[in-house]
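J.: need a structure here:
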Amino acid sequence: QVQVVESGGGLVQAGGSLRLSCAASGLTFSEYIMGWFRQAPGKEREFVAAISWSGGTYYADSMKGRFTISRDNAKNTAYLQMNSLKPEDTAVYFCAADRYGRLYSRISEYDYWGQGTQVSVSS
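T.: Numbers count the residues shown, from 1 in each chain. All right, here's what the predicted structure looks like:
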């Protein structure tokens, strides 16, 4: 049974940092693209970042320069380092795994999803 579990969310002041972790089990982690998405209250879920099998990274334009995605295949874990956080970054952050990597920013491409972790940024 595949499980994807996010952790590391919390409350932080504007300008602060958080590092989210995403632990996956029940799959061959190194064969999956790992993506991060977020959903703010009343808004649609949106792409944040993705990392390929080989470590290639992709970001939504608004996150470039502030967020860094990485992975440790030995630990079956992906990470999202978030710096210079803004109140508009407040959302539930989801991790997802995509086997084929046809379009890393498309929600429907991802096969497995975690339950999400709340990130709240105060002004």
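J.: Return the distance of the most centrally placed residue in the chain relative to Gln1.
T.: Central residue of the chain (C-alpha atoms, centre = their mean): Trp36, 2.2 Å from the mean position. Shown here: Trp36 relative to Gln1, a distance of 22 Å by C-beta to C-beta, to the nearest Å. (Each C-beta comes from the backbone N, C-alpha and C, glycine too.)
J.: Quick one: residues contacting the residue nearest to the residue nearest to the centre of the chain when sequence neighbours are not counted.
T.: Distance criterion C-beta to C-beta, 6 or more residues apart in numbering; nearest residue to Trp36, sequence neighbours excluded, is Val48 at 4.2 Å. Val48 makes contacts with Gly35, Trp36, Phe37, Arg38, Tyr59, Ala60, Met63, Phe67, Leu80, Tyr93, as judged by C-beta atoms under 8 Å, 6 or more residues apart in numbering.
J.: of all those residues, which comes closest to Arg99?
T.: Arg99 lies nearest to Gly35 out of those, by C-beta to C-beta, at 11.8 Å.
J.: could you list every residue that touches the nearest residue to the closest one once chain neighbours are set aside?
T.: Excluding the flanking residues, the one nearest Gly35 by C-beta to C-beta, 6+ apart is Ala50, at 4.0 Å. Each residue near Ala50 by C-beta under 8 Å, 6+ apart is listed here: Ile33, Met34, Gly35, Trp36, Thr57, Tyr58, Ile69, Asp98, Tyr104, Ser105.
J.: can you tell me which of these are in strands?
T.: Ile33, Met34, Gly35, Trp36, Thr57, Tyr58, Ile69, Asp98 (DSSP state E).
J.: residues of stretch 64-73 that come out buried?
T.: Within stretch 64-73, the residues that qualify as buried are Phe67, Thr68, Ile69, Arg71, counting by 16 or more other C-beta atoms under 10 Å.
J.: Tally up the residues packed near the residue lying closest to the third one once chain neighbours are set aside, please.
T.: Spelled out, that is Ile69. The spatially closest residue to Ile69, leaving aside those adjacent along the chain, is Ala49, at 4.1 Å (C-beta to C-beta, 6+ apart). By the criterion of other C-beta atoms under 10 Å, Ala49 has 25 neighbours.
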